[in-house]
Each structure stands twice: as structure tokens, then as C-alpha cells.
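Enquirer: Here's my sequence, what's the structure:
(chains A, B, C and D)
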Protein chains: 2
Amino acid sequence: MFKVGEFSKVAQVSARLLRHYDEVGVFAPAHTDATTGYRYYTAEQLPRLNQILALRDLGLSLEQIRNMLSESITNEEIRGMLRLQKAQLEQSISEQAFRLQLVETRLRYLEQQPASPLYDIALKTLPAQPFLSLRETVPMFTAGSILFMIHQAMPRHQFKQRGACTALFYGDNFDDQVCDWEVGFLMPDDALKTVTLSDGRELHLRILPPENQMVSTIYSGRWLGLHLGYSTLGEWIAQHGYQIKGIGREVFHQLHPPEHGENNVTEIQFPVEKIAV
Amino acid sequence: MFKVGEFSKVAQVSARLLRHYDEVGVFAPAHTDATTGYRYYTAEQLPRLNQILALRDLGLSLEQIRNMLSESITNEEIRGMLRLQKAQLEQSISEQAFRLQLVETRLRYLEQQPASPLYDIALKTLPAQPFLSLRETVPMFTAGSILFMIHQAMPRHQFKQRGACTALFYGDNFDDQVCDWEVGFLMPDDALKTVTLSDGRELHLRILPPENQMVSTIYSGRWLGLHLGYSTLGEWIAQHGYQIKGIGREVFHQLHPPEHGENNVTEIQFPVEKIAV
DNA sequence: CTTGACTTTAACGCTGCGTCAAGGTTTATG
DNA sequence: CATAAACCTTGACGCAGCGTTAAAGTCAAG
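Expert: Prediction:
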């Protein structure tokens, strides 16, 4: 019969760990003195403890371990738990590897250029959202202006605009002088189906599908500089083994008339997917 | 000016996150109403928040992020932090990969054999420890018996035996009929230098060097079955890309006279190292 | 003015123990 | 045998990053 301190030494673990395992019910002492509460362990318990430590080394939680060690568990259930753990470890590793790639990219850039341009690119997941919009072909880099005009021409009392002004661009050659835009507003679920502008054009409601991987960057200032955002995003996407998967968006978080363009805040988003390795 | 709820929507984060970031000082709202406590954010803050989220995606802690965003930080310091993070990620990945390997091995075994023999193998780190011992060449599988005899022949009042009875085996052919053993007791730091047994033999004190990677398994029962432990350990070591690096040990946690050998509890330990890949 | 939609601060929860702290037990020593 | 040293007990906080109620104050629409 060992007391916790002795047993912790032969087992090479801390006494606190033994108490904790007793408390949560994964490993109880062979005997507990009813009056003093002292825990007494025996050498015969060592293999069991070693089992538990080995399972812990697999990354299993104490609760999972308790289940695995219960009498009434089938071999098949154990295998199921291990397969689950395997899958989780694989996912965790790929996440960590991705982070590592991000860090490495950033380090390379910092060593090339003192000022870091590639600073605020994030991955997001977007849910499906109603979108009240209008599709038109207009000169490049003017989607915001159209939105601004629409914003003006809109009978504003007819709806409560909750989401942001957003534009989707179709067509994949960004060097062209014109572009095919769908401009409008992200809406709450109970939005109107159609809105007629004061100049007669109509906005129609549709559901934008969810996107589970969007890269996004935010650009502050006049739209003349917006191409910097695009090139940075493009570099990032290539650097990290992604490719563009669908239709890009601009979100106008702060939309001013052309003469105050320096205060604009514009977000650029692209849905992406990993290139198969 | 957005209130938290609105800002959380345009930024695609939860309101709780914004409050938390305010609380810990990584991202404060542009304005806070002094009387109501309401937080008000502006669109111009979006790039900053995106920066923070991007840094978070690297796996940095909020405290690190706060430091990186402070004005008074040099480019060199930032690179240092990133290099540190890179190193930590690499280590974390290799740990996870190792766990994964453990899980896979276990799954393979479970699919071959319903009863899992390879159940309680753990990696340990041992500190340097004083060892009061005696070296002899004796028949295989009898180290425990010697220890038992020594135990009897020892003038027990002379020392407080705190550690376990332990044996080290020299020579690397385990199939041989004799083996070179060093048997003795792990001792506390203030132990006696020499002890003379009643049969005239002497135990001498020396310091066992620390081992930072020991594989260990615990076997219960008569020593006749002990080879099972050895073979299991050997398989495990090979399976996981390790090799034996030094002198193996047996630790006798429960040492009985030969006629009660079925109650013995014996641990087998080998120092190992990863084979370079 | 009344809702209802939002906001605030406060606090627990989660994981697996490490780390005191206050107060009994056991054991070694004088 | 008295007493101190060494060990044991339960209890509780801490950590990281928010998610999740909960109670109570604000704000905007009708």
C-alpha cells in the first residue's frame, strides 16, 4: 500500500494528477481510508495507470479514456473512437500546417520589404443571405458609384437596410475597361421582393448562396488604389495554394460621394478552394 | 458609427468577441459613451480588426497580437516573434504527428487481434538519481531473485529505502543464457555511500544519469512471462521509428519470493531515441 | 408610452492539471 | 511521550478565448 506521494514517485506522475484522476473517476486508489480520506494505492494498479497514461498520450480526453476502460465496451466501439481520434488529429495537423504556411509567407515578406503590405488578409465563412440587386455592365472601378446613385434614388422609407452595400463582379478578366456588375444590398430575411427606384430601374431579391471559404481584405481610401488590394489578394491566394472558385465581391462599408472618396472603406472578397495536392 | 451588433455583422465576428477584445485591450471601439457604456465603432476600424483576425489565424495569442500592434515595436522584434511562432508550430505539428502514429498503430493491432496486447506502453522522462548497486553476471531472468536475496541480506536499519528495487542489464543479446546485471536500489539524495551485506558483498552508490526518453511497460505476474513485455516493447520501438539508445532497466515494484512470483509487478524500461528520417 | 430589439456588466463553463492555502495525520526525532 | 517535520486532505484560483445565459439598463419604432 502506497500513499499518494510514494505512488506518484514509482509511477512518475504528480500527486495532483492522481487526485485529479480519482476525482473525475478515471483511476481510483485501491483503498480509501473512510475517516482520514487518505488514498492508498497498490503496485498491482500500476499497469492500469500506465494504460491510462498511454491513452492520454494518444490525445484522448479523460472522459473518452473512462469510456474506453469501462467494462461494457465492445471492440468495435473502441475502434470507432480511435478512428474518430485519428480523423481529428489529421484535421488538427492540417490546420497547424496551414498556420505554419501563413507564418512562413509573412516572414518571407518581412525579409523582403520592411513595410508589410500583406497585412490584413483573413479567411471567412459567409452564410446564405438575401440580396436585393440589379445587374449592369459599366466601366471598371465604378461599381461603388452606381451603388451610391442607387442609394440616392432608392425610396429609402420602403425598407430598412440592414446589411451592407455589396457588388458582385462577373467575368474574369479584370484588366478590361468594362465589367459586368451586380450591385445591391444584403438584406434581412423578411425583406421586400422588389423595389423600384426613382429612375424606373428595379431591384430584385435573390438568395446569395453561402460561401464557406472567402478570402477578404479591406482597403481604405479612394478607389484608384483599390487594385493594390486585388493584387495583394491575388498573391496571397497563389502563395497559399488556393484558387478562385466563384464570383468575387466588393463590400462598401463606408460609401461616400466621389468628391470625398478618400474616406471610403471597401472590402474585397473572393471565394476560394484549396488546389488538390 | 456602428453599435456592437451592427459592427459584428459587417465584420463577420461575434459581439462577444468584440467585447472581449475591448476588455483585454487589443481592439477598442472608436468611442465609448461614458454614461451608458455603449460601444461605438466606425468603418475605418475594419482594417485594424482584420489585421488582428489575420494575426489570430497565425495562432498568436491575444497578448502577442497586442504587442505586435503597439507603435513602439521594431521590424526585427516582429520577425523574432514570427520565428518563435514558426518554431512552436513546427513542434506542435510533430507532436500531433507522433500521436497520430500511435493511434494508427493501435488501430492496426486492434484489427489484427481482438485482444490488444500492446496496451500500456508509455514514454517517460527520468531525472538523474542516486543508485546503490552491485554488478554481477548471473543467469537470465534472475535479476529479481538476486535483488530479493540482497533485500534479505541487507542490514535494513542502515538506510531508508525510498526508491524502488531496480536492475540494469548490460550486453545486448537477450537470448543468451546469462546476463550482466547491475542490481540495487534507487535512493534519496542523502543516501549512504556504501553498504555491506551480511554475506560480505558491498553495494556502492553512483549517480544514474537522467534519461529524457524512456519507453516503459509494466508486466504483472511470474517472470516466465516477462519476455512478452520485452517483445511488445521491441515491436513498439520499431513500429514508431525509435531505436534503443542505452542500457535497459527492470524495476521491481512488487517483489515476492519465488514461490509467490504470481504477484510480482515488474516494469521494463528502455531509453530510446528517434531514428533520423 | 409601450414594446421589442439591443446594449451593458457579471459570471460560469470548458480541459487538465499546477499551485498555493488552511488544517488534519503520521512518523521520526529528542 | 511530546513535538516538529513531512505528508495528507479538501477547496479554490489560474490559464486561453471566447460561448452562453442572466439581470438590468437603452434606444428606436409605433
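Enquirer: so what's A:P210 up against?
Expert: A:125-128 (CB atoms under 8 Å, 6 or more residues apart in numbering or on different chains). (C-beta placed from N, C-alpha, C; glycine too.)
Enquirer: DNA strand C versus that one, what's the distance?
Expert: 21 Å (CB to the nearest atom of the strand, to the nearest Å).
Enquirer: any chance you could read off phi and psi for that residue?
Expert: phi -70, psi 150 (degrees, to the nearest 10).
Enquirer: those strands in chain A, which residues are they?
Expert: Taking DSSP state E as the test, the strands found in chain A are A:2-3, A:31-32, A:39-41, A:122-126, A:129-139, A:165-170, A:178-186, A:194-196, A:202-208, A:211-220, A:242-244, A:248-254, A:265-274.
Enquirer: interface residues of chain A facing DNA strand C?
Expert: Taking CB under 7 Å from any atom of the strand as the contact definition, chain A meets DNA strand C at A:14, A:16-17, A:20-21, A:33, A:35-36, A:38, A:56, A:61-63.
Enquirer: quick one on the thing from earlier: can you select the buried ones from the contacts of A:P210 in PyMOL?
Expert: In PyMOL, a selection of the buried entries from the contacts of A:P210 looks like this (16 or more other CB atoms under 10 Å in any protein chain shown):
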select buried, chain A and resi 126
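Enquirer: Can you tell me which of the contacts of A:P210 is nearest A:I268?
Expert: Comparing those against A:I268 with CB to CB places A:L126 closest, at 13.7 Å.
Enquirer: Would you mind giving the domain segments of chain A?
Expert: The record's domain parsing of chain A by automatic domain parsing lists A:2-69, A:75-116, A:122-274.
Enquirer: Which residues are in contact with A:S14?
Expert: A:S14 touches A:S8, counting by CB under 8 Å, 6+ apart.
Enquirer: Quick check: the gap between it and A:M214.
Expert: Remark: distance between A:S14 and A:M214 (CB to CB, to the nearest Å) = 46 Å.
Enquirer: Same check on A:E267?
Expert: Counting by CB to CB, the gap from A:E267 to A:M214 is 10 Å.
Enquirer: Looking at the two, which one has more neighbours?
Expert: Neighbour totals were compared for A:E267 and A:M214, and A:E267 leads with 25 against 21 (other CB atoms under 10 Å in any protein chain shown).
Enquirer: Could you find the closest non-adjacent residue to that one?
Expert: Distances taken as CB to CB, 6 or more residues apart in numbering or on different chains place A:V251 nearest to A:E267, at 4.2 Å, with adjacent residues excluded.
Enquirer: what about that neighbour, neighbour count?
Expert: 20.
Enquirer: Could you measure from it over to B:Y170?
Expert: On the measure of CB to CB, A:V251 and B:Y170 end up 72 Å apart.
Enquirer: returning to what we had before: near chain B, list only the ones from the contacts of A:P210.
Expert: A:125-126 (CB under 8 Å from any CB of the partner chain).
Enquirer: what's the closest of the contacts of A:P210 to DNA strand C?
Expert: A:P127 (15.9 Å; CB to the nearest atom of the strand).
Enquirer: For the closest one, give me phi and psi.
Expert: Torsion angles, degrees, to the nearest 10, at A:P127: phi -80, psi 170.
Enquirer: Repeat that for A:F27.
Expert: phi -160, psi 100.
Enquirer: Would you point out the most distant pair within the residues of chain A next to DNA strand C?
Expert: A:T35 and A:S61 (33.7 Å).
Enquirer: So those two - more neighbours on which side?
Expert: A:S61 (11 against 5).
Enquirer: Next, the more buried one: phi, psi?
Expert: Torsion angles, degrees, to the nearest 10, at A:S61: phi -80, psi 160.
Enquirer: Report the contact partners of whichever residue of the stretch 1-150 of chain A sits closest to DNA strand D.
Expert: For the stretch 1-150 of chain A and DNA strand D, the shortest gap (CB to the nearest atom of the strand) falls at A:G5, measuring 2.7 Å. With contact taken as CB under 8 Å, 6+ apart, A:G5 is in contact with A:A15.
Enquirer: Distance check, it against B:V251.
Expert: Counting by CB to CB - A:G5 and B:V251 are separated by 18 Å.
Enquirer: likewise A:G234?
Expert: Taken as CB to CB, the span from A:G234 to B:V251 is 61 Å.
Enquirer: Likewise for A:L100?
Expert: A:L100 is 40 Å from B:V251, by CB to CB.
Enquirer: partner residues bridging the residue nearest to A:M1 when sequence neighbours are not counted?
Expert: Excluding the flanking residues, the one nearest A:M1 by CB to CB, 6+ apart is A:Y40, at 4.4 Å. Legend: beta-bridge partners of A:Y40 under DSSP bridges are A:K3, A:H31.
Enquirer: go on, A:V138?
Expert: A:C179.
Enquirer: if we can go back for a sec, got the contacts of A:P210 as CSV, with distance to DNA strand D and pLDDT columns?
Expert: Below are those laid out as CSV (distance: CB to the nearest atom of the strand, whole Å; pLDDT from 0 to 100):
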residue, distance to DNA strand D, pLDDT
A:T125, 12, 84
A:L126, 16, 83
A:P127, 14, 81
A:A128, 19, 83
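Enquirer: Report pLDDT for A:G248.
Expert: Looking at A:G248, its pLDDT stands at 90.
Enquirer: Kindly report the same for the one 10 residues further on.
Expert: Confidence per residue is given as pLDDT, and for A:P258 that number is 77.
Enquirer: Report how many residues lie close to it.
Expert: Considering only other CB under 10 Å, A:P258 is surrounded by 12 other residues.
Enquirer: quick one: it and A:T142 touch, right?
Expert: No: using CB atoms under 8 Å, A:P258 is not in contact with A:T142; the gap is 9.6 Å.
Enquirer: which parts of the stretch 1-150 of chain A sit against DNA strand D?
Expert: So far as CB under 7 Å from any atom of the strand goes, the stretch 1-150 of chain A lies against DNA strand D at A:3-6, A:15, A:19, A:36-39.
Enquirer: which helix in chain A runs the most residues?
Expert: helix A:75-112 (DSSP state H).
Enquirer: Briefly note if that helix comes near chain B.
Expert: Yes: Helix A:75-112 lies within reach of chain B by CB under 8 Å from any CB, at A:75, A:78-79, A:82-83, A:85-86, A:89-90, A:92-93, A:96-97, A:99-100, A:102-104, A:106-107, A:110-111.
Enquirer: buried sites along that helix?
Expert: A:78, A:81-82, A:85-86, A:89, A:92-93, A:96, A:98-100, A:102-103, A:105-107, A:109-110.
Enquirer: Next: stretch A:50-69.
Expert: Result for stretch A:50-69 [16+ other CB under 10 Å]: buried residues A:50-56, A:58-60, A:62, A:64-68.
Enquirer: now stretch A:268-275
Expert: A:268-272.
Enquirer: what are the C-alpha coordinates of it, in CSV please?
Expert: Extracted in CSV, the C-alpha atoms of stretch A:268-275 (Å, rounded to 0.1, in the frame of the first residue of the first chain):
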residue,chain,number,x,y,z
ILE,A,268,-12.7,42.8,-51.4
GLN,A,269,-13.8,39.2,-51.1
PHE,A,270,-13.1,36.1,-53.2
PRO,A,271,-14.5,32.6,-52.7
VAL,A,272,-11.6,30.1,-52.9
GLU,A,273,-10.8,26.5,-52.6
LYS,A,274,-7.6,24.5,-52.0
ILE,A,275,-5.9,23.2,-55.1
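Enquirer: Tell me which residues touch the residue located most distally from the centre of chain A, please.
Expert: Distance from the centre of chain A peaks at A:T35, with 53.2 Å (CA atoms, centre = their mean). Listed by CB under 8 Å, 6+ apart, the contact set of A:T35 is empty.
Enquirer: Next, give phi and psi for it.
Expert: Dihedral angles (degrees, to the nearest 10) for A:T35: phi -90, psi -40.
Enquirer: Quick check: the gap between it and chain B.
Expert: Using CB to the nearest CB, to the nearest Å, A:T35 is found at 27 Å from chain B.
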